[in-house]
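Participant: Give me coordinates for this.
(2 chains)
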2 protein chains.
Amino acid sequence: MYRLYAMRRSGNCYKVRLALEQVEQPYELVEIDILKGETRTPEFLAKNPSGHVPLLEVAPGRYLAESNAILWYVAGGTPLAPDNRVDRADVLQWMFFEQHSVVPNIGAAYFWLTLVKGGRELQQHALEAWMEEGYRALVAMEKHLADRKFFAAGRYTVADIALYAYTHLAEQSDFDLSQFPAIRAWTGRVKSQPRHVAMDWQPESLATAAQ
Amino acid sequence: MYRLYAMRRSGNCYKVRLALEQVEQPYELVEIDILKGETRTPEFLAKNPSGHVPLLEVAPGRYLAESNAILWYVAGGTPLAPDNRVDRADVLQWMFFEQHSVVPNIGAAYFWLTLVKGGRELQQHALEAWMEEGYRALVAMEKHLADRKFFAAGRYTVADIALYAYTHLAEQSDFDLSQFPAIRAWTGRVKSQPRHVAMDWQPESLATAAQ
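Facilitator: Next up, the predicted model:
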């Protein structure tokens, strides 16, 4: 069985948990708290030298890092991960966009405003840049979704899972989505997909174990 | 024939030019100068709402953005782009790492130190953060390459092309690579691949046209 090292409140980790549910793949969850430095321990760095979660142990001692690479692995062979060259490039295009335009802006704002909560000095100057660049990303997404139901390949794919993770947290991170109707309609469509789970959802087995 | 919108001095654009040469795919090059605002014109934004180069016109009016997605498209069906699920995830892992750990740090330092050259106020505080995070990325790469010839799938792939683009510019961007012997050996191996071209290389047809 796969073992997933993840932090429940991380959007990048949520992506992978959502995909694992949607492909009905059982896994063991190991909770890692970034805020407690648990990705910087020698034990964790031996598993992933770049020191990030999520990290998926796909076979004993064999680790796969990077949320979007894990999505492709987990969804491989399912309709979520298109196999032909054109659709694959279309999906990848939006997943790379997500990593450099959404995560470092909307994701960073979420991290500081919602998780760190001023526990360290709030980077006000940086926050303004994240908001500006975050809105620029949202404008590009809104324009693309104006005449499309999903981001790529004409259907719900790992591109939607990747983009949903931090976009659905944007309002918690002080972004105003009222001016983005196409994005709001799309988040509704993502939520209505079979076996969708929310970010705070936890498998029954874990809930039982915690009692 | 493909049409590539690119800036010659951009590492993200160089990746695509290198791959097109290595798969022997002819293309027309349209030079776009980011520093002159040519990615922010209405004409360009109509082609790519996120306002970035490289951009590949794969069919009349059909555009593909994101350097690493373009690499997968261009190299599709060749050994540069592995087709099985495990190798593909391995390659993607390093391409996503490149986009969030190499480009925003080594790439940003290159952009400010080499292209902008103080033409705008140099972001000294940001530069220090880019250097620190850039070295963190280099440490992870060095460790990975210590017992490997290439980044993923046991051979030269689009992951190496992606990572080479800004890593081979690191020394121009004030990074000291003397402490990274595995990275230096790897850049040598990349340079020795068939049909490798340097960043300042231009096709003969363009050189002729410019005379």
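
Participant: need the contact list for residue A:8.
Facilitator: A:14, A:31, A:199-200, A:202 (CB atoms under 8 Å, 6 or more residues apart in numbering or on different chains). Yep, even glycine has a C-beta here, placed from its N, CA and C like the rest.

Participant: so how far is residue A:33 from it?
Facilitator: To residue A:33, residue A:8 is 9 Å away according to CB to CB, to the nearest Å.

Participant: per-residue pLDDT, the closest residue to residue A:81 other than its chain neighbours?
Facilitator: In space, not counting the residues next to it along the chain, residue A:81 is nearest to residue A:75; the distance is 4.0 Å by CB to CB, 6 or more residues apart in numbering or on different chains. Listed pLDDT for residue A:75 reads 97.

Participant: Surely residue A:75 and residue A:159 touch.
Facilitator: No: Residue A:75 lies out of contact with residue A:159 (CB atoms under 8 Å); the separation is 10.6 Å.

Participant: who has more neighbours, these two?
Facilitator: The neighbour count for residue A:75 versus residue A:159, taken as other CB atoms under 10 Å in any protein chain shown, is higher for residue A:159 (28 against 22).

Participant: Tell me if I'm right that the more buried one and residue A:89 touch.
Facilitator: No: in this structure, residue A:159 is not within contact of residue A:89 by CB under 8 Å, at 11.0 Å.

Participant: hmm, the helix or strand harbouring residue A:13 in reach of chain B?
Facilitator: In this assignment (DSSP states H and E), residue A:13 forms part of helix A:11-22. No: Helix A:11-22 is not in contact with chain B by CB under 8 Å from any CB of the partner chain; minimum separation 10.0 Å.

Participant: where are the low-confidence patches of chain A?
Facilitator: Within chain A, the ranges that satisfy pLDDT under 70 run A:118-122, A:204-211.

Participant: on that earlier part again, can you list which of the contacts of residue A:8 are found in strands?
Facilitator: Among these, the residues falling in strands (DSSP state E) are residue A:31.

Participant: Out of the contacts of residue A:8, which end up buried?
Facilitator: In those, burial by neighbour count holds for A:14, A:199, counting by 16 or more other CB atoms under 10 Å in any protein chain shown.

Participant: any chance of the contacts of residue A:8 in TSV, with distance to residue A:139 too?
Facilitator: Conversion of the contacts of residue A:8 to TSV gives the following (distance: CB to CB, whole Å):
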residue	distance to residue A:139
A:14	24
A:31	35
A:199	24
A:200	29
A:202	35
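
Participant: Just the closest of the contacts of residue A:8 to chain B, please.
Facilitator: Lowest distance from chain B to the contacts of residue A:8 (CB to the nearest CB) belongs to residue A:14, with 16.4 Å.
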